[in-house]
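Student: next come a sequence and a model predicted from it.
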Amino acid sequence: MELDEERVNLLVCKTCKTIEEIPYAKNGKYLGEGKYDQSENPFLESAVSPHERGGHMGMLTDVNFVYWMTPKVKASIIAQIKEQFTGKSSPLTAGLDAFGTNFYETKDNYSQDAMSCWQLHNRTTDCSDYKNDRKLLDAGTSKERKAEGLGKSTIKVYLCDFCPVKMEVQKKAMKAKGLDK
């Protein structure tokens, strides 16, 4: 896999003020310059449907995967997207974080950690540590949840969810299910 030739789709929701990464499919009509029509991308429907049902407004775009995984370039891309939607510039660190949660800063930290892990594994696309217990990210809120009468969280997020290998694993899973075209 040549990462400098890979792309990632970005689903930008103006209503939610979010950017969601969606694997890029190379199964549609070739459009030139390494781009393909994404209308038959099997990953799109499950990502776009909740936004459409909610009447949200947004756009689908794609960027070079290496650019998106480079923190400074990614911050610039986010700033450009925000400027496109709002018509005004803002500091690069603000991104589309409407609730002030520093979501993108935290996500960038995880992405950098995942890239470091991937490099330690010799940039493989068949990682033996993929989503094992050592890669589980834990919020450390089990005591607080218990005190509030809540059960154990069923949400599992792994460092692997921020790794470039994730797209390859998803593609293999779709192929195994016969959903690739």
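Tutor: That came in fine, so what should we check first? Numbers count the residues shown, from 1 in each chain.

Student: looking at this protein, which residue reaches furthest from the middle?
Tutor: Residue farthest from the centre of the chain, counting by Cα atoms, centre = their mean, is Ala147 at 32.9 Å.

Student: distance check, Leu10 against Cys127.
Tutor: Separation of Leu10 from Cys127 (Cβ to Cβ, to the nearest Å) stands at 24 Å. Every C-beta, even on glycine, is put in place using the N, C-alpha and C of the backbone.

Student: Thr141: how many residues sit nearby?
Tutor: Residues near Thr141, counting by other Cβ atoms under 10 Å, number 12.

Student: ditto for Met174
Tutor: By the criterion of other Cβ under 10 Å, Met174 has 17 neighbours.

Student: for the residue most central in space within the chain, phi and psi?
Tutor: Centroid check for the chain by Cα atoms, centre = their mean gives Glu21 as the closest residue, at 3.1 Å. Dihedral angles phi and psi of Glu21 (degrees, to the nearest 10) take the values phi -80, psi 130.

Student: next: Gly32.
Tutor: Dihedral pair for Gly32: phi 100, psi 160, per degrees, to the nearest 10.

Student: Val157 now?
Tutor: According to degrees, to the nearest 10, Val157 has phi -120, psi 130.

Student: for Gln170, see how far away it is.
Tutor: Relative to Gln170, and taking Cβ to Cβ, Val157 is found at 15 Å.

Student: and the top helix by length along the chain, average pLDDT?
Tutor: In the chain, taking DSSP state H as the definition, the longest helix is helix 103-120. When pLDDT is averaged along helix 103-120, the result is 78.
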